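1. Predicted model follows, preceded by the sequence.
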Amino acid sequence: MLSRGLECDGVRVGEVLRGVGLTVAPGEVVALTAPSGAGKSTLLRAIVRLVALDGGMVSLDGVDVATLDPRVLRRRVGLVAQRPVMLPGTVADNLAYGLDASPDLAAALDAAGLDAEFANRDASRLSGGEQARVAIARALTRTPEVLLLDEPTTGLDAPLAEAIGHHVRGLAHNGLAVCLTSHDRAVVSSWADREVEL
Ligand SMILES: Nc1ncnc2c1ncn2[C@@H]1O[C@H](COP(=O)(O)OP(=O)(O)OP(=O)(O)O)[C@@H](O)[C@H]1O
């Protein structure tokens, strides 16, 4: 068992996940790959308890996540969904949502490839690619230990995807554990330290 980081051991969900193993240590970027419909999003959702397990265990720093308060778990493990939902209000409102203290907006926006001026934009009027980047920034304001990115380059052009990949690798270099799914071989090979096939 990993003393630090994320570990999935024999995870089962219905007929879709039949005993999946995955480890992601602090400082590494792991790409989870499989054909469409194989259960990648389901596994990421199960890790943060948005989907119930039918077997196996997910642990964080050696502790079964089933024993953690889901809100605490979801701060420690940030999930950026494939189709992120923008909350009403500005980008700044989205980044600060649910936090007690004001986050470092500029740092989070920069890490997600957005200019600081985005803070005052109406989140619902952003393009799909801009919303995808706000969702990454929102996860980062929670200072997670693990970042789960479900198809993070959807809606992004190649230079932007490359720039965000660079930032994500920098975050991992500073100790974040990152797990991403992608159908894009260029993303898998340039972002990830290793690949795990479901
Ligand atoms: N809680 C659940 N229990 C059982 N099956 C589920 C559950 N949630 C999703 N599924 C099913 O699991 C299958 C896999 O879906 P999922 O979105 O995880 O695949 P994916 O590998 O991420 O696909 P894609 O690459 O197309 O995004 C789908 O058929 C979905 O309907």
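-> Nice, thanks for sending it over. This is a predicted model, so every value here is computed, not measured. Numbering: from 1, shown residues only.
2. quick one: which helix or strand includes the nearest residue to Asp64 once chain neighbours are set aside?
-> Spatial nearest neighbour of Asp64, excluding adjacent residues (Cβ to Cβ, 6 or more residues apart in numbering): Met57 at 5.6 Å. Where you see a C-beta, it was placed from the backbone N, CA and C, and this is true even at glycine. Met57 is part of strand 55-60 when elements are defined by DSSP states H and E.
3. Which strands or helices does that strand pack on?
-> strand 6-13, strand 17-24 (3 or more Cβ pairs under 8 Å, 6 or more residues apart in numbering; DSSP states H and E).
4. who does it pair up with?
-> Partners of strand 55-60 in the sheet, by DSSP bridges, are strand 6-13 (antiparallel), strand 63-64 (antiparallel).
5. circling back: most packed of the helices and strands packed on strand 55-60?
-> Most buried of these, by mean neighbour count (mean count of other Cβ atoms under 10 Å): strand 6-13, with a mean of 20.
6. quick revisit: so for Val85, which of the helices and strands packed on strand 55-60 sits nearest?
-> strand 6-13 (22.0 Å; Cβ to Cβ).
7. need the residues of this structure near the ligand, please.
-> Val13, Gly14, Val16, Ala34, Ser36, Gly37, Ala38, Gly39, Lys40, Ser41, Thr42, Val51 (Cβ under 6 Å from any ligand atom).
8. Where helices are concerned, which of these count?
-> Mapping the residues of the chain next to the ligand onto helices (DSSP state H) picks out Lys40, Ser41, Thr42.
9. Go ahead and build a ChimeraX selection from the buried members of those residues.
-> In ChimeraX, this line selects whichever of those come out buried by 16 or more other Cβ atoms under 10 Å:
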select :40,41,42
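10. I'd like the ones in helices among the residues of the chain next to the ligand as JSON lines, with pLDDT and distance to Asp122 appended.
-> Formatted as JSON lines, the entries for these read as follows, by pLDDT from 0 to 100; distance: Cβ to Cβ, whole Å:
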{"residue": "Lys40", "pLDDT": "96", "distance to Asp122": "31"}
{"residue": "Ser41", "pLDDT": "97", "distance to Asp122": "28"}
{"residue": "Thr42", "pLDDT": "97", "distance to Asp122": "32"}
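11. For the ones in helices among the residues of the chain next to the ligand, give me JSON lines that also has distance to Asn120.
-> Formatted as JSON lines, these follow (distance: Cβ to Cβ, whole Å):
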{"residue": "Lys40", "distance to Asn120": "35"}
{"residue": "Ser41", "distance to Asn120": "32"}
{"residue": "Thr42", "distance to Asn120": "36"}
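12. now the helices for the protein?
-> Going by DSSP H, the chain shows helices at 40-47, 70-76, 91-96, 105-111, 128-140, 158-173, 185-191.
13. other SSEs contacting the first one?
-> If I follow you right, that is helix 40-47. Partner elements for helix 40-47 (3+ Cβ pairs under 8 Å, 6+ apart): strand 6-13, strand 17-24, strand 29-33, strand 77-80, strand 146-150, strand 177-181.
14. Give me the angle between it and strand 17-24.
-> 70 degrees (axes from the mean of the first three to the mean of the last three Cα atoms, to 10 degrees).
15. Thanks a lot, catch you later.
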